[in-house]
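Enquirer: can't give you the sequence, but here's the structure:
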């Protein structure tokens with residue numbers, strides 16, 4: 001299929017792809033990979049049924065079969081249609097950031113390489129003979145693949161390397177390893193080394209994510225920054241096309257002024273949050289400011305809706321839906337595992353939680369019991385520095401927040417509470433002894449929001465609950481589940497084997 005892609009008035013690209021993608025989302029991935037498109041965008045196509053007038057592409061079946069003209073509209077640009085809800089969790093601007101494709105689209109190599117591969121593939125089809133690969137040819141292939149991979153992420157995971165190596169050999173069987181059962185293992189290792197070298201080039205060229213992951217000098221504030229570890233898709237993305245740091249700083253100041261109004265324009269704020277995303281991540285990941293400075297500079301971020309939207313931009317996953325749906329599928333198993341653990345009489349805190357649940361067994365309290373019992377079960381963690389309860393009518397909260405670097409403050413009725421609060425008035429997320437988010441309706445949403453805050457402002461999991469929060473990430477929310485620690489992996493297997 002032949003595509004004419006209008007990226008901007010001065011950039012109109014010709015792109016040839018073998019097959020029509022099966023969905024609009026997969027077409028987005030193909031364009032991101034082959035044209036190095038960054039940030040959020042929507043697609044329009046010239047509709048032959050309407051005299052080739054532009055229409056939004058919402059169904060891949062609407063696209064002409066053999067050749068089509070597409071226009072890219074970046075949703076972070078000021079020229080975006082004002083009727084587009086760019087803050088919406090389902091819009092391309094927030095939910096369709098760069099994501100690794102299910103099947104990596106192998107790019108076209110230079111003309112001479114393509115000719116050599118075509119001839120070698122014919123010989124392979126005829127007698128099964130594999131190609132003798134010269135150093136120059138291999139370098140050309142690896143350079144091209146590394147360039148395409150880096151447009152998706154500069155730090156691919158193991159499964160990404162395997163995906164590319166496997167797809168390369170399927171596309172060009174003449175490149176198979178003669179002594180390998182899988183046929184692509186040497187390409188897997190070569191790609192890993194090549195990407196390491198390619199990151200040096202990206203760093204020299206000023207790629208934000210790679211530059212920001214270099215070791216900082218002793219004069220720099222904050223600890224050494226390392227690459228993302230929690231399954232972030234957009235850890236420190238490039239600025240949108242046509243946007244400069246100065247331009248985004250102007251937008252940030254407009255948003256800051258808007259937030260000071262009694263009745264701010266929420267649609268304007270959402271649009272500005274989308275368009276300043278890359279600058280915000282650079283501030284947070286690169287400068288590592290104190291929380292008070294961050295709240296002063298980006299006040300719009302610290303609201304439940306914006307935490308959810310920012311989380312979606314970072315991970316491409318809906319925060320609350322993935323958390324609640326994942327938890328509901330595990331609650332009964334977790335509670336049964338807790339009951340079995342209390343039979344020995346060694347886990348009194350777990351027994352107290354289950355006793356409270358026995359007196360008032362609602363769906364909301366079952367969720368709370370599963371979450372509050374998790375640190376007590378998974379490794380005997382003491383959650384008191386992370387999860388605290390206080391009297392909702394207390395005038396001073398400083399004592400309750402004292403020593404809390406990252407945590408939840410649950411405001412309940414009365415000064416004495418059981419293991420599960422009877423009536424929750426408010427749940428607040430605390431960072432560096434400062435409330436950053438409050439007016440949360442229940443304990444379950446509170447746990448989801450602390451996960452959102454940790455991702456949005458690039459925090460480490462607190463040591464006293466690191467396994468519990470990792471479990472929420474990898475098992476409940478299914479973010480990078482294959483990289484679970486041995487402790488989390490063990491509990492996941494136990495839950496899967498447990499019969500209700």
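Expert: Received the coordinates, thanks. Quick caveat: nothing in here was measured; it's all calculated off a predicted structure.

Enquirer: please parse this protein into its domains.
Expert: 2-74, 111-209, 245-316, 320-497 (automatic domain parsing).

Enquirer: after the helix or strand containing residue 352 comes which helix or strand?
Expert: Here residue 352 sits within helix 348-359, counting by DSSP states H and E. For helix 348-359, the following helix or strand on the C-terminal side (DSSP H and E) is helix 363-378.

Enquirer: tell me which residues in that following helix are buried?
Expert: Within helix 363-378, the residues that qualify as buried are 365-378, counting by 16 or more other C-beta atoms under 10 Å. Where C-beta positions appear, they are placed from N, C-alpha and C, glycine not excepted.

Enquirer: cool, and stretch 199-211?
Expert: 199, 202, 203, 207, 208, 209, 210, 211.

Enquirer: pLDDT at the residue nearest the centre of the chain, what is it?
Expert: Per C-alpha atoms, centre = their mean, the C-alpha nearest to the average position across the chain is that of residue 315, at 1.3 Å. Residue 315 is assigned 90 on the pLDDT scale.

Enquirer: how about the contacts made by it?
Expert: By C-beta atoms under 8 Å, 6 or more residues apart in numbering, the residues touching residue 315 are 231, 232, 233, 455, 479.

Enquirer: picking up where we left off before, CSV please, covering the buried residues of helix 363-378 and showing distance to residue 112 and pLDDT.
Expert: As requested, the buried residues of helix 363-378 are exported to CSV (distance: C-beta to C-beta, whole Å; pLDDT from 0 to 100):
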residue, distance to residue 112, pLDDT
365, 68, 91
366, 65, 94
367, 61, 94
368, 64, 93
369, 66, 93
370, 60, 95
371, 59, 95
372, 64, 93
373, 63, 93
374, 58, 94
375, 60, 92
376, 64, 89
377, 61, 91
378, 57, 87
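
Enquirer: which one of those is nearest residue 111?
Expert: residue 378 (56.5 Å; C-beta to C-beta).

Enquirer: the closest one contacts residue 486, doesn't it?
Expert: No - in this structure, residue 378 is not within contact of residue 486 by C-beta atoms under 8 Å, at 11.8 Å.

Enquirer: quick one: low-confidence parts of the stretch 251-400 of the chain?
Expert: 345-346, 394-396 (pLDDT under 70).

Enquirer: could you do the chain as well?
Expert: 10, 36, 38-40, 75-99, 209, 212-229, 345-346, 394-396, 414-417, 499-500.

Enquirer: and the gap between residue 185 and residue 165?
Expert: Going from residue 185 to residue 165 by C-beta to C-beta, to the nearest Å gives 8 Å.

Enquirer: out of the two, which sits in the more crowded spot?
Expert: residue 165 (25 against 16; other C-beta atoms under 10 Å).

Enquirer: hang on, the more buried one in a helix?
Expert: Yes - if the criterion is DSSP: H, G, I helix; E, B strand; the rest coil, then residue 165 is within a helix.

Enquirer: what's it in contact with, if anything?
Expert: 184, 185, 187, 188, 191.

Enquirer: which member of the residues you listed is positioned nearest residue 145?
Expert: residue 191 (6.4 Å).
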